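Student: Test case, fold it:
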Amino acid sequence: MYSLTGIAAGGRRAVRLGRILLLAAALGLTGPVLAACQAAAPPAETLISPLEPLTITTAGGPVKFQVEIADDEAERQHGLMFRKNLAPDRGMLFDFGDSAPRAFWMKNTLIPLDIIYIAADGTIVSIAAMATPLNESPIPSHGEAYGVLEIAGGRAGELGIKPGDKVTHRIFKGG
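Tutor: Here you go, the predicted structure:
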């Protein structure tokens with residue numbers, strides 16, 4: 001999952017990689033270069049950070065998750081890309097450190113996700129349910145978000161999570 005702030009950087013990286021592969025092809029080294037790139041890439045299921053507890057207070061009661069924290073640009077750009085599954089009680093919390101309108105996309109994301117945009121005080125601003133895998137269309141927050149929680153697609157609806165519900169985690173005021 002990329003934030004739109006990462007699109008330009010990802011584009012430059014893709015151009016650089018394309019140039020490297022063209023040079024490798026011209027030198028007859030495509031196989032070794034591709035193997036080196038694959039070896040350097042982290043496994044898709046590698047956690048970005050240790051898991052932390054996060055609670056969402058819904059009308060039906062508290063819902064608990066264990067989340068990875070993406071709090072720097074590289075982690076936010078990589079997000080949950082290339083993951084083949086996400087446990088029902090797991091997620092990734094993107095900490096931006098400031099409030100602003102946000103937009104995410106699903107480039108290289110193989111599984112559907114619910115994208116939950118959250119204000120600085122922990123109030124859910126909006127939810128993009130069942131975001132389509134591999135879709136590069138921007139998915140806007142429809143308001144200012146300080147953090148974004150990604151969970152398995154469909155879980156927000158199953159658990160009764162709605163805009164206005166409160167998220168409790170250390171990154172949110174009072175969390």
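
Student: When you work out contacts or count neighbours from here on, use the C-alpha atoms and nothing else.
Tutor: Will do.

Student: Let me know the distance separating Gln66 from Pro101.
Tutor: Applying C-alpha to C-alpha, to the nearest Å, the value for Gln66 to Pro101 is 25 Å.

Student: cool, and Thr57?
Tutor: Distance of Thr57 to Pro101, given as C-alpha to C-alpha: 23 Å.

Student: neighbour-wise, which of the two wins?
Tutor: Between Thr57 and Pro101, counted using other C-alpha atoms under 10 Å, the more crowded position is Thr57 (18 against 12).

Student: Can you read off the backbone torsions of that one?
Tutor: When read as degrees, to the nearest 10, the backbone of Thr57 gives phi -90, psi 110.

Student: Which residues are in contact with it?
Tutor: Contact analysis of Thr57 by C-alpha atoms under 8 Å, 6 or more residues apart in numbering lists Val63, Asp165, Lys166, Val167, Thr168.

Student: by contact count, what packs against the strand ranked longest in the chain?
Tutor: When the chain is parsed with DSSP state E, its longest strand is strand 90-105. Under the contact definition 3 or more C-alpha pairs under 8 Å, 6 or more residues apart in numbering; DSSP states H and E, strand 90-105 sits against strand 2-3, strand 61-70, strand 139-152.

Student: how about the strands in the protein?
Tutor: Using DSSP E, the strands of the chain run over 2-3, 52-58, 61-70, 90-105, 113-118, 124-131, 139-152, 166-168.
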